[in-house]
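**Q** Next comes the sequence, and after it the predicted model I'd like to discuss.
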Amino acid sequence: MSPRTITLLVVLTAAALASWYLARDRQPAAADGTVYDAAHQGYYLKSARILGTGEDGGLLYEIEAAYAEQAAKDRIEFSDVRIRYSPDSDIPWIVNADEATLQEGAPRIALRGFVKILNSGETSADDIEIRTQYLELDPEQFIAETEERVQIRFGTRSVTATGMLASLNDDRIELKSNVRGKIVP
């Protein structure tokens, strides 16, 4: 072999080793043992706003959340949630919660954490506030229901109970058991 061929062979070998060395450090993360989960290809939203429509197709309510994530194929999880009805619906109730779950095909939204329902009346004396740790809301039927402990405040008066069924469109609240109250004129 000629000295020129030997030099070319050494240069090509060095280039091959250098390219192997550089490529070795740039392997994808999956080669490190991390496996891509192809089963969960959901989505997430920040500052989410979801609109619900009535039978006529008009806006009925809106769900606002700081964060929303598709937790499963048919389930969405929300955090820092606010649900309010359209001004056209004449439903003055606003629902706030730490977390909520919306299941595909289920009419109810499950609210958890610090759940608060507010009804601002025409005067501040008419304000009603309902608090609980868990509540199921059917926004299309205007029904809010829980089996948990609830506290209802209206002005300086307060009532607690275990379980509640509220019809938000006709401002009717039915307490289920263990009703206790503080009514001061």
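**A** Structure's in. What do you need?

**Q** Give me the residue ranges of this protein where confidence is low.
**A** 25-41, 120-126, 185 (pLDDT under 70).

**Q** residue boundaries of the strands in it?
**A** In the chain, the segments counted as strands under DSSP state E are 44-53, 59-72, 75-85, 93-103, 109-119, 128-138, 143-154, 157-167, 172-182.

**Q** Find the centremost residue of this structure, please.
**A** residue 78 (0.8 Å; C-alpha atoms, centre = their mean).

**Q** Hmm, residue 71 and it touching each other?
**A** No: Residue 78 lies out of contact with residue 71 (C-beta atoms under 8 Å); the separation is 10.0 Å. No exception for glycine: its C-beta is placed from N, CA and C like everyone else's.

**Q** which residues do these two both contact?
**A** Overlap of the contact sets of residue 78 and residue 71 (by C-beta atoms under 8 Å, 6 or more residues apart in numbering) consists of residue 101.

**Q** My guess is residue 141 contacts residue 91. True?
**A** No: applying C-beta under 8 Å as the test, residue 141 and residue 91 come out as separate, 11.6 Å apart.

**Q** Which of the two has more residues huddled nearby?
**A** residue 91 (19 against 12; other C-beta atoms under 10 Å).

**Q** Tell me the spacing between that one and residue 21.
**A** 68 Å (C-beta to C-beta, to the nearest Å).

**Q** now residue 94
**A** On the measure of C-beta to C-beta, residue 94 and residue 21 end up 62 Å apart.

**Q** now residue 132
**A** Distance from residue 132 to residue 21, by C-beta to C-beta: 63 Å.

**Q** so how many other residues sit close to the residue nearest to residue 69 when sequence neighbours are not counted?
**A** Once flanking residues are discounted, residue 69 sits nearest to residue 44: 4.2 Å by C-beta to C-beta, 6 or more residues apart in numbering. By other C-beta under 10 Å, 12 other residues sit near residue 44.

**Q** residues in contact with residue 44?
**A** 67, 68, 69, 70.

**Q** Neighbour count for residue 94 and residue 21, which is higher?
**A** The neighbour comparison of residue 94 against residue 21 (other C-beta under 10 Å) goes to residue 94, with 14 against 9.

**Q** What residues are bridge-paired with the more buried one?
**A** Note on residue 94: beta-bridge partners by DSSP bridges are residue 84, residue 118.

**Q** any idea how far the nearest residue to residue 156 once chain neighbours are set aside lies from residue 66?
**A** Nearest non-adjacent residue to residue 156, counting by C-beta to C-beta, 6+ apart: residue 184, 5.6 Å away. Between residue 184 and residue 66 the computed distance is 37 Å (C-beta to C-beta).

**Q** the more surrounded of the two?
**A** residue 66 (13 against 7).

**Q** my read: the more buried one touches residue 49, true?
**A** No: with contact defined as C-beta under 8 Å, residue 66 does not reach residue 49; the gap is 11.0 Å.
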